[in-house]
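Colleague: Turn this into a model:
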Amino acid sequence: MSFTSLKLIDPVMEALTAEGYIYPTPIQIQAIPHVLSGRDLQGCAQTGTGKTAAFAIPIIQLLHKQNKAKTGIKALVLTPTRELAIQIGESFATYGKFTGIRYTTVYGGVSQLPQTKALKRGVDVLVATPGRLLDLINQGYIRLNQLEIFVLDEADRMLDMGFINDIRKVIRLLPDRRQTLFFSATMPNEIQKLASDLLKNPVKVEVTPPASTVDSIEQSIYHTSKPDKPKMLLHLLREQNISTALVFTRTKHGADKVVKFLHRADVKAAAIHGNKSQNARQSALNDFKRGRLKVLVATDIAARGIDIDELSHVFNYDLPNVPETYVHRIGRTGRAGLNGTAIAFCDADERKELRDIEKLILKRIPVVENHPYACNPVAQLKKVIKSRDHRYRRQFN
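Modeller: Coordinates of the predicted model:
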């Protein structure tokens, strides 16, 4: 099936053709007709499956057919991070460049002045993060009484980041008569309940089983000690001649430490996390996309909006506490049917996280044993327990 089969209007087709788009992805094939028909939709799709286009393209078409004299924000896309807001905004600009649809993005961490100026000029589509959206609503810059379409994107990450109360505040401000589109990479019970409360007789679209991992991604696990992780990373970067790598750490401090280690080894790297300014984060991301950096080290919150074509490797430098996060992380590679490699490091303290991940994805991640920083996980765990027991006895004796 090609995009021409989806009954898209000429200005949208012209934009897609200019971008070289010919064949829609499965989520786009299933979602676009239902959105065009005005149905509420619940979509479960992994990152990298073309989810943004699945809602942006039909929204642009629906708004283009409306009476242009009608003013006010007609579509709101709520998303968890600045990077993802920017990415979605760029998608609306790309797909709607021949339609005259006006859009803007609002997010925290930067001056609100350019955002409020754009709002005063008038916009049809608003892409926003929860905190800045509510702030501008309270200041009187944003009114949602004319809203017709509401999109809640990356709902599971919203929950992980503690935005559930903000989401409910926003929902209370929306008109009762609206079309709602709900997208999430995974559907745990809490997210399913939110979807049930939010949607009215929705069409359900699922292109991959919840919490599955893309088959085109080659996964592996390296058991090593925590102190050896930096050397393990450097060894693999050099041994496998890796051109681009996205490295996930659990903490901001950990991300900075990895970057400093790589710099000492003459590897071009940068970190993005919540302590970095928005300009610094965007600059690092742009340098990575353009090949000026070999390694981008990120925390989960900062990395959610990263959309990089042909990213070859993702490293789980630290295993995540939430197993669903593993699925999100490795979904940064193997995008649009391309092959990708996901490598994880596991120290003795992370054995539980590894078990939880394998239970979630219903498969054992292959273990690579023959490497210079290998350690027996059982022996390592015993060593950790012995060390903790020694500190305990020393404290109370």
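Colleague: At which residues are the strands of the stretch 101-250 of the chain located?
Modeller: 103-106, 125-128, 149-152, 179-184, 203-206, 217-223, 245-248 (DSSP state E, counting those that start in this stretch).
Colleague: Now render those strands as CSV, adding mean pLDDT and distance to residue 260.
Modeller: (Each C-beta comes from the backbone N, C-alpha and C, glycine too.) Output for the strands of the stretch 101-250 of the chain, formatted as CSV (pLDDT from 0 to 100; distance: least, CB to CB, whole Å):
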stretch, mean pLDDT, distance to residue 260
strand 103-106, 96, 32
strand 125-128, 98, 34
strand 149-152, 97, 38
strand 179-184, 94, 35
strand 203-206, 92, 42
strand 217-223, 94, 22
strand 245-248, 94, 13
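Colleague: Would you reformat the ones you listed as CSV and include distance to residue 314 and mean neighbour count?
Modeller: As requested, these are exported to CSV (distance: least, CB to CB, whole Å; neighbours: other CB atoms under 10 Å):
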stretch, distance to residue 314, mean neighbour count
strand 103-106, 26, 24
strand 125-128, 26, 26
strand 149-152, 26, 22
strand 179-184, 20, 24
strand 203-206, 23, 17
strand 217-223, 8, 20
strand 245-248, 5, 26
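Colleague: Out of those strands, flag the one nearest residue 26.
Modeller: Residue 26 lies closest, by CB to CB, to one member of the strands of the stretch 101-250 of the chain: strand 203-206, at 8.8 Å.
Colleague: chain center to the closest one: distance?
Modeller: Per CA atoms, centre = their mean, to the nearest Å, the displacement of strand 203-206 from the mean C-alpha position of its chain is 20 Å.
Colleague: again with stretch 93-105
Modeller: The answer for stretch 93-105 is 22 Å, by CA atoms, centre = their mean.
Colleague: Equivalent analysis for stretch 162-175, please.
Modeller: 20 Å.
Colleague: For the one helix or strand residue 83 maps to, give the mean pLDDT please.
Modeller: Residue 83 belongs to helix 82-95 when assigned by DSSP states H and E. If you average the pLDDT over helix 82-95, you get 91.
Colleague: Please name the nearest non-neighbouring residue to residue 312.
Modeller: residue 244 (5.5 Å; CB to CB, 6 or more residues apart in numbering).
Colleague: What is the burial count for that neighbour?
Modeller: 18 (other CB atoms under 10 Å).
Colleague: Could you measure from it over to residue 295?
Modeller: Using CB to CB, to the nearest Å, residue 244 is found at 8 Å from residue 295.
Colleague: The nearest residue to residue 217 once chain neighbours are set aside: neighbour count?
Modeller: Nearest non-adjacent residue to residue 217, counting by CB to CB, 6+ apart: residue 334, 3.9 Å away. When neighbours are counted by other CB under 10 Å, residue 334 registers 24.
Colleague: same thing with residue 98?
Modeller: For residue 98, using other CB under 10 Å, the count is 16.
Colleague: In this structure residue 58 contacts residue 39, no?
Modeller: No. The pair residue 58 / residue 39 is not scored as a contact, 10.5 Å apart, by CB atoms under 8 Å.
Colleague: And stretch 175-191, how far out from the chain middle?
Modeller: The answer for stretch 175-191 is 16 Å, by CA atoms, centre = their mean.
Colleague: for it, how far is the first residue from the last?
Modeller: 22 Å (CA to CA, to the nearest Å).
Colleague: do the same with stretch 258-278
Modeller: Stretch 258-278 end-to-end distance (CA to CA) = 20 Å.
Colleague: buried ones in it?
Modeller: Across stretch 258-278, burial judged by 16 or more other CB atoms under 10 Å covers 258-259, 261-262, 267, 269-273, 276.
Colleague: before we move on, back to that, can you put the strands of the stretch 101-250 of the chain in JSON lines and add distance to residue 139?
Modeller: JSON lines is the format used below for those (distance: least, CB to CB, whole Å):
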{"stretch": "strand 103-106", "distance to residue 139": "11"}
{"stretch": "strand 125-128", "distance to residue 139": "14"}
{"stretch": "strand 149-152", "distance to residue 139": "21"}
{"stretch": "strand 179-184", "distance to residue 139": "25"}
{"stretch": "strand 203-206", "distance to residue 139": "36"}
{"stretch": "strand 217-223", "distance to residue 139": "44"}
{"stretch": "strand 245-248", "distance to residue 139": "36"}
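Colleague: pLDDT below threshold where in the stretch 51-200 of the chain?
Modeller: 67-69 (pLDDT under 70).
Colleague: count of neighbours near the closest residue in space to residue 333 that isn't next to it in sequence?
Modeller: What sits nearest to residue 333 in space, not counting adjacent residues and going by CB to CB, 6+ apart, is residue 340, at 3.0 Å. Neighbour count of residue 340, defined by other CB under 10 Å: 21.
Colleague: who are the neighbours in contact with residue 340?
Modeller: 214, 216-218, 311-314, 330, 333-334 (CB atoms under 8 Å, 6 or more residues apart in numbering).
Colleague: Most neighbours of all those residues, which one?
Modeller: residue 330 (28 neighbours).
Colleague: So what does the residue lying closest to that residue once chain neighbours are set aside look like in phi/psi?
Modeller: Nearest non-adjacent residue to residue 330, counting by CB to CB, 6+ apart: residue 342, 3.8 Å away. Here is the backbone geometry of residue 342 (degrees, to the nearest 10): phi -120, psi 120.
Colleague: which residues does residue 342 form a beta bridge with?
Modeller: Beta-bridge partners of residue 342, counted by DSSP bridges, are residue 219, residue 314.
Colleague: For residue 234, see how far away it is.
Modeller: For residue 342 relative to residue 234 (CB to CB), the value is 18 Å.
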